[in-house]
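A.B. asks: what would the 3D arrangement of this be:
(2 chains)
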Amino acid sequence: MNSVISVRHLSFSYPDGNRALKDVSFEIDADRCVAVIGSNGAGKSTLLLNLNGVLMPEGEVVLFGKTLTNKTVRELRRRIAIVFQNPDDQLFCSNIYEDIAFGPVNHGLKSAEVDKIVQETVKKLKLEGLENRNPFHLSYGEKKRVAIATVYSMNPDIYCFDEPTANLDPRGRREIAGLIREIGGTRIIVTHDLDLVKDVCSQVIVLDKGIKEAEGNVNEVLSDEKLLYKCGLL
Amino acid sequence: MTTGTGNTELYSGLHSPVHRLNPKSKIVVLIAFIVLCSTIGSFSPVLYGAYLVFLTAVFIFSGIPLLYIIKRLSVILFLVIIVAGFTPFIRHLPGENALAVISGSIKLYRTGLMVFLNILVRVCLSVSALLILILTAPFTELMEGFAELKVPALIVNIINLTYRYLSVITDEALRMKRAAVSRGYSGRWLWHAGAVGRITGSLFLRSYERSERVYYAMLSRGYTGIMFSKKTLPLRRTDWFFIGVSLFYIAGIRLAV
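C.D. replies: Predicted coordinates for the structure are as follows:
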């Protein structure tokens, strides 16, 4: 089996008692682009935070054959990166350079290496000239690109995108979709933008109220109107 | 839209000799300046004059408009006057004759006046020096400078994050106020006070929730307490020259007088 992510009987409750995920299981193979769809509050974002151990799951999350525990979390977190929904949450440094450098610095790279990585990332994501800008002064579309850059610089094996196209204009949406395609590798996209799912994903997982309702290939799931309606996606 | 942060970065991109100095050297001189300036015992025209000459020299090289400094200074002066404005009328030695009688029991004393002038000049000099520092270095470099000078990472991070999110929060407050105004709020009447309370409350909650999300984003990128890319700016010959000359001047005069 070449599955890079296997999630077995994953449940999660927030401290206030809200049960966000109930007994979710799935496998994701390497180099697939998988969509996790569901209405607001279905538990999609919580699922992402469970995958990289920011929230510690009940049940089992296995990445690259290693179970996620307090011991393995730091190593695994480097290999699975999350791009958060709101770029203002992701860009917390006072300029773009520092934000892109944040991940590599935390993983103990020397400043010369960090500098090289930042330059490469800036070039790859076409952010030239923005390095010294304050995130506050960027457009929303630019912020989204920079948010992706901040994890691209960590060279992760898996990318997770939380609502990558939310609040974007059509051009911004097209650019981000193109970028997700270009990045390649194993990708998980949490969204309710079904057009994006058709565009870039091959496999779909449907969540509803914390429960996995369905799983399958894109055409199969997205043509099941009854299911989509039931899960608040149509 | 742009609030707070835009202003301090207004002149930090200029290319004057003062801007080109390493932030670390400017921080060291600033701290020495403020310590020496605020420990001058009684009002000393010679010392203050000498310090003013020093500041003026740095200021002239910096290329910052005088008007901007004066505007910023006036805000602080207002506070000083509120806090210390009564001293000339209160503080006096036992049996001291009043300089002038304003009316009845309100009298102006020389001792109090000197104390007040002392505070006023000290604050003006220190704050101007601080303004020149923050206006001649990009914020990030300044913070890196503090970090390199071994200011605890926690403090530097707090300042950095405050700076980053101040504008986001101001923006959020502005949006909420607009939403309130569109529903008939004007903020003019007493019964609108409740709305201000609710806006403040939800601003606090939103900030709290945001801080949690930001922390998650930091953890996801391997956060362990270090915020900077460690690209240390070395001190060059001009920096050492600046530190040497400045310290020699401000400490020398202090010792000589």
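A.B. asks: tell me who's in contact with A:G141.
C.D. replies: When contacts are counted by CB atoms under 8 Å, 6 or more residues apart in numbering or on different chains, A:G141 touches A:L168, A:D169, A:R171, A:G172, A:E175, A:I176. No exception for glycine: its C-beta is placed from N, CA and C like everyone else's.
A.B. asks: what's the helix or strand for it?
C.D. replies: In this assignment (DSSP states H and E), A:G141 forms part of helix A:140-152.
A.B. asks: B:G225 contacts B:A153, correct?
C.D. replies: Yes - taking contacts as CB atoms under 8 Å, B:G225 lies within contact range of B:A153: 5.8 Å.
A.B. asks: between these two, point out the one with more neighbours.
C.D. replies: The residue with more neighbours, out of B:G225 and B:A153 and counting by other CB atoms under 10 Å in any protein chain shown, is B:A153; that gives 15 against 9.
A.B. asks: and the more buried one, how far from chain A?
C.D. replies: Between B:A153 and chain A the computed distance is 12 Å (CB to the nearest CB, to the nearest Å).
A.B. asks: show me the helices in the stretch 101-250 of chain B, by range?
C.D. replies: Taking DSSP state H, counting those that start in this stretch, the helices of the stretch 101-250 of chain B run over residues B:110-135, B:139-148, B:153-181, B:193-220, B:237-256.
A.B. asks: so can I have JSON lines of those helices showing mean pLDDT?
C.D. replies: Supplementary listing: the helices of the stretch 101-250 of chain B in JSON lines, determined by pLDDT from 0 to 100:
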{"stretch": "helix B:110-135", "mean pLDDT": "92"}
{"stretch": "helix B:139-148", "mean pLDDT": "87"}
{"stretch": "helix B:153-181", "mean pLDDT": "88"}
{"stretch": "helix B:193-220", "mean pLDDT": "90"}
{"stretch": "helix B:237-256", "mean pLDDT": "94"}
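A.B. asks: comparing the ones you listed, which comes out most buried?
C.D. replies: For the helices of the stretch 101-250 of chain B, ranked by mean neighbour count under the definition mean count of other CB atoms under 10 Å in any protein chain shown, the leader is helix B:139-148 at a mean of 21.
A.B. asks: what's that helix packed up against?
C.D. replies: For helix B:139-148, the helices and strands in contact under the criterion 3 or more CB pairs under 8 Å, 6 or more residues apart in numbering or on different chains; DSSP states H and E are helix B:23-38, helix B:153-181.
A.B. asks: circling back to that earlier point, now pLDDT too, for the contacts of A:G141, in JSON lines please.
C.D. replies: Rendered in JSON lines, the data for those read as follows (pLDDT from 0 to 100):
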{"residue": "A:L168", "pLDDT": "94"}
{"residue": "A:D169", "pLDDT": "93"}
{"residue": "A:R171", "pLDDT": "93"}
{"residue": "A:G172", "pLDDT": "92"}
{"residue": "A:E175", "pLDDT": "93"}
{"residue": "A:I176", "pLDDT": "94"}
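A.B. asks: buried ones only from those residues, please, as a ChimeraX command.
C.D. replies: This is how ChimeraX selects the buried members of those, with burial counted by 16 or more other CB atoms under 10 Å in any protein chain shown:
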select /A:168,172,175,176
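A.B. asks: hmm, which two among the contacts of A:G141 are most spread apart?
C.D. replies: Greatest spatial distance among those (CB to CB): A:D169 and A:I176, at 10.8 Å.
A.B. asks: give the residue spans of chain A that score low on pLDDT.
C.D. replies: Per-residue confidence for chain A (pLDDT under 70) gives these ranges: A:1.
A.B. asks: give me the element the residue lying closest to B:I253 once chain neighbours are set aside is part of.
C.D. replies: The shortest distance from B:I253 to any residue that is not its chain neighbour, by CB to CB, 6 or more residues apart in numbering or on different chains, is 4.6 Å, and that residue is B:A50. With elements delineated by DSSP H and E, B:A50 resides in helix B:45-62, which encompasses its position.
A.B. asks: SS state for A:V36?
C.D. replies: Of the three states, A:V36 takes strand under DSSP: H, G, I helix; E, B strand; the rest coil.
A.B. asks: does it have beta-bridge partners, and which?
C.D. replies: A:V190, A:I205 (DSSP bridges).
A.B. asks: can you list contacts of the helix holding B:A50?
C.D. replies: Contacts made with helix B:45-62 from outside it, assessed by CB under 8 Å, 6+ apart, are listed as B:14, B:16-19, B:33, B:37, B:40, B:66, B:69, B:121, B:125, B:128-129, B:132, B:135-136, B:246, B:249-250, B:253-254, B:257.
A.B. asks: so which residues of chain A form strands?
C.D. replies: For chain A, strands defined by DSSP state E occupy the ranges A:3-13, A:19-29, A:33-37, A:58-63, A:66-67, A:80-83, A:158-162, A:186-191, A:203-208, A:211-217.
A.B. asks: save these as TSV, and put in distance to A:G43 too.
C.D. replies: TSV is the format used below for these (distance: least, CB to CB, whole Å):
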stretch	distance to A:G43
strand A:3-13	8
strand A:19-29	5
strand A:33-37	9
strand A:58-63	13
strand A:66-67	21
strand A:80-83	15
strand A:158-162	12
strand A:186-191	10
strand A:203-208	5
strand A:211-217	8
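A.B. asks: how about the contacts made by the spatially most central residue of chain A?
C.D. replies: Nearest to the geometric centre of chain A sits A:C160, at 1.7 Å (CA atoms, centre = their mean). A:C160 makes contact with A:L48, A:L51, A:N52, A:I80, A:A81, A:I82, A:V83, A:R187, A:I188, A:I189, A:V190, according to CB under 8 Å, 6+ apart.
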